[in-house]
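J.: Give me a 3D structure for the following:
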Amino acid sequence: MPRVIFINRTFWPDETATAQLLTDLAEALAARGAAVTVLASQAPRAACGHASPPRGVALESIRSTRLDRGGIVGKALDLASFWLGALVRVAHVVRPGDAVVVLTDPPLLGAAVTWVARRRGARCFHWVQDIYPEVAIAVTGRRGLRCLIPLRNRSWRQAAACVTLGPQMAQVISEGGVPSDRIHLAPNWAPAGLAPATPAAIAALRAEWGLTGAFVIAYSGNLGRVHDLGSVLRVAELLRPHPHFVFLFIGGGARAAPLAAEAARRGLTNVRFQPHQPRDRLGAVLGAADLHLVTLRAGCESYVFPSKLYGAAAVGRPVLFIGPPDCDAARTVVAAGWGLAFAPTELVALAGAVEALSADAAARALLGQAALRFAAANGGAAAAAAAWAELLFREDCTAPGRNLPFRALADDSRA
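T.: All right, here's what the predicted structure looks like:
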């Protein structure tokens, strides 16, 4: 069984989405007997999830800056220093026969890692959580970044396989020249162990945050540039005459401070903010909401999939999606019957849906039950580890075989 080396800027004890996903997967693969090593930057803050390091996983820290609060310049230094440090470490650590799995933090890391790993006699796999530079182009409008796409596409074509989150992202990889039998669709999952909290735990948290008696519409996760957060404020404005509605943002990110400032400027006293919460409180935190909002900025739908959907499903809460109505995230929510999708031009209808659901506990319960069924079908980290093990450890990962580890792009009618 070859050694598996994951490379991502964040890992335990960090609290970012990819850090938690990677922690879950690395530990699950180690439990199946794999020799797992993770190359990551050392997080300076306390653990939000596992109180101790993931069992059976070797962590090698890459020296890099962690200027998370340093603005654009600090962020650029963080990414560049890890990018360079990772290349040096890969050249020293990777051995012939290793399976190297590179994620997309920092962006375009795989373009260089693939070349180094192949020269060292290893197979390289891309776990594509976000697609760069297209994401950056969509949020900044800097079309000059397109010059990086051929380099990125070449690394995809040289990889043993590319694993991504949905058909739209897979289609972008296909358009980059990757054969369909080397593109695999693998949904993310809720943090391992996340389940509905007890009513007492939820009531205690709501009391702590001053939410007792309120109908809570929550957005939990990264407040980043790919999310349509302005639409949430507009819905809060529409529902301002109803004081029992509270819009709750939980998390941080590039747009957290500007969003809070804009809410204050508009006098939206029905909008509140809470920071990132520890993973061991997540069941109660997510369960404290009656409805969850998930948003995606138009133009980003082929390059990002909002994984916060899975957390809401795991605690049995309905989702209202705001974004392109024909995107994978919207289809996921609507097809599974645990929420509704609205375009940014349909915010009056969304506000009406909030009012209707607030008055219909039975309808919310049905949506919540559908959410739990969706979460159970997802399978979580254990199912992901089984699929990854089959992909990583079979001799020819491009051979169709009888059981592809993930749903291949060629199997999707929209591809």
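J.: Would you enumerate the residues in contact with the residue lying closest to residue 262 once chain neighbours are set aside?
T.: Counting by C-beta to C-beta, 6 or more residues apart in numbering, residue 233 is the residue found nearest to residue 262 once chain neighbours are left out, at 6.3 Å. Where you see a C-beta, it was placed from the backbone N, CA and C, and this is true even at glycine. Contacts of residue 233 were listed using C-beta atoms under 8 Å, 6 or more residues apart in numbering, and they are 247, 259, 262-263, 266, 268, 271.
J.: And the protein, split by domain according to the record?
T.: According to automatic domain parsing, the chain comprises the domains 4-189+380-411, 199-378.
J.: could you dump those domains to CSV with mean pLDDT?
T.: Output for the domains of the chain, formatted as CSV (pLDDT from 0 to 100):
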stretch, mean pLDDT
domain 4-189+380-411, 87
domain 199-378, 97
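J.: Check the burial of residue 348 by counting its neighbours.
T.: 12 (other C-beta atoms under 10 Å).
J.: Would you mark the buried spots in the helix or strand encompassing it?
T.: Element membership of residue 348 [criterion: DSSP states H and E] is helix 347-358. Residues of helix 347-358 classed as buried: 347, 350-351, 353-354, 357-358 (neighbour count, 16 or more other C-beta atoms under 10 Å).
J.: Equivalent analysis for stretch 357-366, please.
T.: 357-358, 364.
J.: so which helix or strand takes in residue 263?
T.: Applying DSSP H and E as the criterion places residue 263 in helix 256-265.
J.: right, I mislabeled it, should have said residue 195
T.: Per DSSP H and E: nothing holds residue 195, as it lies in no helix or strand.
J.: go on, residue 292?
T.: Applying DSSP H and E as the criterion places residue 292 in strand 291-295.
J.: Report the backbone C-alpha coordinates of the helix or strand following that strand in PDB.
T.: Per DSSP H and E, the first helix or strand lying C-terminal to strand 291-295 is helix 308-314. C-alpha atoms of helix 308-314 as PDB (Å, rounded to 0.1, in the frame of the first residue of the first chain):
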ATOM      1  CA  LYS A 308     -21.900  24.600   4.300                       C
ATOM      2  CA  LEU A 309     -24.900  22.800   2.900                       C
ATOM      3  CA  TYR A 310     -23.800  19.600   4.500                       C
ATOM      4  CA  GLY A 311     -23.600  21.000   8.000                       C
ATOM      5  CA  ALA A 312     -27.200  22.300   7.900                       C
ATOM      6  CA  ALA A 313     -28.300  18.900   6.600                       C
ATOM      7  CA  ALA A 314     -26.500  17.000   9.300                       C
END
